[in-house]
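>>> predicted model and sequence below, questions to follow.
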Amino acid sequence: MADLLAEREADTVAVAEASPSEQLLLVLDGFEGPLDMLLALGRDQKVDLTRISILELADQYLSFVAEARKVRLELAADYLVMAAWLAYLKSRLLLPEPEGEEPSGEDMAAALAFQLQRLEAMKGAAAKLFARPRLGIDVHPRGAPEDLDLRRKSVYEVTLFDLLRAYGQQRARKDAGVLHIAPVRLYSMEEAVRRLSALLGHMPDWATLASFLPGGEGGGLLTRSALAAHFAATLELAKAGRVELRQEGAFAPLYVRGRPDGSQGDAQYGDSSEEVHSHD
Amino acid sequence: MIEEAANAHQADACEAEAHGAEARTGRLRLLEALLFASAEPLDEETLAGRIGPEAGLLLEELRAHYARRGVNLVRTGGGWAFRTAVDLAPELRREEEVSRRLSRAAIETLAIIAYHQPVTRGEIESIRGVATSKGTLDLLMEHGWIRPGKRRETPGRPLTWITTDHFLDHFGLETLRDLPSVDDLRAAGLLDSRPVLLGLGTMGDDSAVGTDEEA
Amino acid sequence: MIEEAANAHQADACEAEAHGAEARTGRLRLLEALLFASAEPLDEETLAGRIGPEAGLLLEELRAHYARRGVNLVRTGGGWAFRTAVDLAPELRREEEVSRRLSRAAIETLAIIAYHQPVTRGEIESIRGVATSKGTLDLLMEHGWIRPGKRRETPGRPLTWITTDHFLDHFGLETLRDLPSVDDLRAAGLLDSRPVLLGLGTMGDDSAVGTDEEA
């Protein structure tokens, strides 16, 4: 812990005068999350990561968290989740292993050690990569390239990045401009009336209302709203004298048929050419 | 004794000479690299500042070395620069058209077609919130990125637009399914409400909504 | 008579040979000029289209010719390009623009993509133990170093990320096999995307989108 603070001091001149909570904050600022911090604590053990003591590491981490809470520092949830997990791991490592199929404490410790090694390896790889001579900084291309008609290159220079960025920005602009209420796909009565009007012409006989329901699309809420809308629509159409309804008893299937003399067109709902658009 | 001393002297001289030659080669290499990497011809004074007073001599040496190669060191406008050999010009056809940047309207339209295909012009317009000039679609089609798809079976039977194989090829995609989803874009930071990204200012005015920028 | 004929035959052969050598020099010069003209690497296929099937041999000849000069012919990601010699870097060093300097998170993310590719965002996050901040992937993409790869054929079909040829060019790598220590890391099992701890698993979820996180 002290080492860790000392290490960070090199980065920040002001750290010496900082209060303990500020110091902790500075320490936290230097990390890319709890795993990164665990790795830094692990390095403090000054042993090869393959021989690191996970138990000791857990203790160090937990004491850090305890200290942070003492100064009432708000810790990000990530750090607390890790603390809880490490406390659990510690108990698993210290208590006799229970019988069961769960991974043993040793396995869990090994998995954590592997993660730390892998992260360490990637940090090392990143450092090596960026220590390489880089184009435009250490190594240079021809400064005055002469454009030749060589590659079947497009006249327009546009990359996948340009394309994705354009789409992303377009979407973002749209999202920002409009209050976004998640669209709820419900069947409206108007839709149901139009649908029934179109279908009834083809079904002169009694048929259950259920057989008129649209099949296949959606489910749950959509299906229920379709049933409700179609039911309301049959009432509406019956009122207009365009259909007849029949039901044998409460909760029995509802039968519908077109009135033989019912007119095909309808002043109110006749615009059947209009598409019903769903917004998704 | 005298002979020995003479020999020693000679050896020293040799070593010094070898050393000198090495340093000279180093300077020649640096000169070569400077001229290669520079966007502008470099004048002798500038080069002397980097290489030393020998620069003039070394320039002549480089010029001689490259004289019969595919690249020549030439003096141009008071400076020195590497240029492809003049006699190769017929074989090094220049690009007739300097590569241009695609307008923002065109990129956006292309992106919308890619993501929403098959999509009608009316739909593109309602997504973009501006009218799409015919020129934009023509341009994208001429370029082989989009082509007409089936007609939509709705009133007016509008034409839909879809992307081509050349589109996939150009953007290095194997299939359309490899286009990042909106969620992927959001996760990658590409669907951010950051107002302007680096270098975007040149691509058109964001506030110009309601008018379509010409392609 | 017989002798004369033999001589004449020999002379013809010589002439043909001289002619062949001249043609070869011509192609070498053209190749040199083509590569010199372009700032971007040119792939062998394109070059063979202009030079002929000999392109590969001539490229090696050019590479050898330039090996000790101030400008070298290098191979990167299937392409060839002239670049200033690496050992001259201290004398040619150009300061990196402050605005282009990358955060630690971005540098680590790039390394993880390079070494683990194709890799999903969830996998990157489980390796780093922290959510990927918005703007990291898009920044790396803006640099031209990474791009979306194929979708992983697992539930949710997450998008994978891979590095580009420009990445290789930028870091002076011929192929991905030349990544520093890549063999050692693989041998040590450190490039496994082994599933990780339960406690950190929440971050490795590719379907989780729109996570807000610190940079």
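In hand now; what should we look at?

>>> how deep is residue 167 tucked in, by neighbour count?
As the question left the chain open, I've gone with chain A. The tally of other residues near residue A:167 (other C-beta atoms under 10 Å in any protein chain shown) stands at 24. (Glycine included, C-beta is placed from N, CA and C.)

>>> actually chain B
Neighbour tally, residue B:167, other C-beta under 10 Å: 22.

>>> assign it to helix, strand or coil.
Under DSSP: H, G, I helix; E, B strand; the rest coil, the three-state class of residue B:167 is helix.

>>> got the phi and psi for the residue lying closest to it once chain neighbours are set aside?
Nearest residue to residue B:167 in three dimensions, chain neighbours excluded: residue B:145, at 4.5 Å (C-beta to C-beta, 6 or more residues apart in numbering or on different chains). With angles defined as degrees, to the nearest 10, residue B:145 sits at phi -90, psi -30.

>>> measure residue B:145 to residue B:165 for me?
According to C-beta to C-beta, to the nearest Å, residue B:145 and residue B:165 sit 10 Å apart.

>>> before we move on, what about residue A:110?
From residue A:110 over to residue B:165 the distance is 49 Å, taken as C-beta to C-beta.

>>> neighbour-wise, which of those two wins?
residue A:110 (13 against 9).

>>> the more buried one falls within a helix, correct?
Yes: assessed with three-state DSSP, residue A:110 lies in a helix.

>>> any chance you could map the helices in chain B?
In chain B, the segments counted as helices under DSSP state H are B:2-37, B:44-51, B:55-66, B:104-116, B:121-128, B:134-142, B:165-170, B:182-188.

>>> show me what the second one is in contact with.
Put plainly, it is helix B:44-51. With C-beta atoms under 8 Å, 6 or more residues apart in numbering or on different chains as the test, helix B:44-51 has contacts from B:27, B:30-31, B:34-35, B:55-56, B:58-59, B:80, C:91.

>>> rerun at 10 Å
With C-beta atoms under 10 Å, 6 or more residues apart in numbering or on different chains as the test, helix B:44-51 has contacts from B:26-28, B:30-31, B:34-35, B:38, B:40, B:42-43, B:54-59, B:75, B:78-80, C:91-92.

>>> those residues also near chain A: which ones?
B:34-35, B:38, B:40, B:42, C:92 (C-beta under 10 Å from any C-beta of the partner chain).

>>> which among those residues count as buried?
Among these, those buried by neighbour count (16 or more other C-beta atoms under 10 Å in any protein chain shown) are B:34-35, B:38, B:42, C:92.

>>> all helices for the stretch 1-150 of chain A, in order.
With DSSP state H, counting those that start in this stretch as the criterion, the stretch 1-150 of chain A has helices at A:2-9, A:20-29, A:34-44, A:54-70, A:77-94, A:105-131.

>>> can you give me the mean pLDDT across the fifth one?
Confidence over helix A:77-94 (mean pLDDT, whole number) is 85.

>>> which strands and helices sit next to the helix or strand of chain B with the lowest mean pLDDT?
Across the helices and strands of chain B, mean pLDDT, DSSP states H and E gives its lowest value to strand B:100-101, namely a mean of 74. Strand B:100-101 sits against strand A:156-157, with contacts defined as 3 or more C-beta pairs under 10 Å, 6 or more residues apart in numbering or on different chains; DSSP states H and E.

>>> any weak-confidence spans in chain B?
Filtered on pLDDT under 70, chain B yields the residue ranges B:1-16, B:94-99, B:192-215.

>>> keeping just the C-alphas, turn stretch B:78-96 into CSV.
Provided in CSV are the C-alpha atoms of stretch B:78-96 (Å, rounded to 0.1, in the frame of the first residue of the first chain):
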residue,chain,number,x,y,z
GLY,B,78,16.3,26.2,-56.0
GLY,B,79,16.0,22.9,-54.0
TRP,B,80,16.8,19.3,-54.4
ALA,B,81,14.2,16.5,-54.6
PHE,B,82,13.8,12.9,-55.7
ARG,B,83,11.5,12.4,-58.7
THR,B,84,10.7,9.4,-60.8
ALA,B,85,12.8,9.4,-64.0
VAL,B,86,11.3,11.5,-66.7
ASP,B,87,11.8,8.9,-69.4
LEU,B,88,9.5,6.5,-67.5
ALA,B,89,6.6,9.0,-67.6
PRO,B,90,4.6,7.2,-70.3
GLU,B,91,4.7,4.1,-68.2
LEU,B,92,3.8,5.9,-65.0
ARG,B,93,0.4,7.2,-66.0
ARG,B,94,-0.7,9.8,-63.6
GLU,B,95,-4.1,9.4,-62.1
GLU,B,96,-6.4,11.4,-64.3
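
>>> is chain C contacted by that stretch?
Yes: applying C-beta under 10 Å from any C-beta, one finds that stretch B:78-96 is in contact with chain C at B:82-85, B:87-89, B:91-92, B:94.

>>> next, the buried residues of that stretch.
For stretch B:78-96, a neighbour-count test (16+ other C-beta under 10 Å) marks B:79-85, B:88, B:91-92 as buried.

>>> same thing with stretch A:206-213?
Buried residues in stretch A:206-213, counted by 16+ other C-beta under 10 Å: A:207, A:209, A:212-213.

>>> follow-up on the earlier one: could you dump the residues of stretch B:78-96 next to chain C to TSV with distance to residue C:108?
Formatted as TSV, the residues of stretch B:78-96 next to chain C follow (distance: C-beta to C-beta, whole Å):
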residue	distance to residue C:108
B:82	39
B:83	43
B:84	42
B:85	46
B:87	51
B:88	46
B:89	48
B:91	47
B:92	43
B:94	43
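
>>> so what's residue 91 up against?
All of this is about chain A. A:58, A:105.

>>> chain B was what I was after
Residues near residue B:91 by C-beta under 10 Å, 6+ apart: A:148, B:70, B:84-85, C:26-27, C:29-30, C:33-34, C:50.

>>> tell me how many other residues crowd the residue lying closest to residue A:49 once chain neighbours are set aside.
In space, residue A:49 comes closest to residue A:117 once its chain neighbours are excluded; the distance is 4.9 Å by C-beta to C-beta, 6+ apart. Number of residues near residue A:117 (other C-beta under 10 Å) recorded here: 19.

>>> residues in contact with residue A:117?
Going by C-beta under 10 Å, 6+ apart, the list of residues near residue A:117 reads A:39, A:42, A:48-50, A:52, C:188-190.

>>> can you check residue A:138 too?
Each residue near residue A:138 by C-beta under 10 Å, 6+ apart is listed here: A:132, C:83-84, C:86-90, C:92-94, C:96, C:172.

>>> let's have these in TSV, adding distance to chain B.
Below are the contacts of residue A:138 laid out as TSV (distance: C-beta to the nearest C-beta, whole Å):
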residue	distance to chain B
A:132	18
C:83	9
C:84	4
C:86	10
C:87	9
C:88	5
C:89	10
C:90	10
C:92	6
C:93	11
C:94	9
C:96	15
C:172	15
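
>>> closest one of the residues you listed to residue B:105?
For residue B:105, the nearest member of those is residue C:96. The distance, counting by C-beta to C-beta, is 34.1 Å.

>>> hang on, isn't the closest one packed against residue A:136?
Yes: here residue C:96 reaches residue A:136: they are 8.3 Å apart, a contact under C-beta atoms under 10 Å.

>>> ok, residue B:156 touching residue B:120?
Yes: Residue B:156 sits in contact with residue B:120 when judged by C-beta under 10 Å, with a separation of 9.2 Å.
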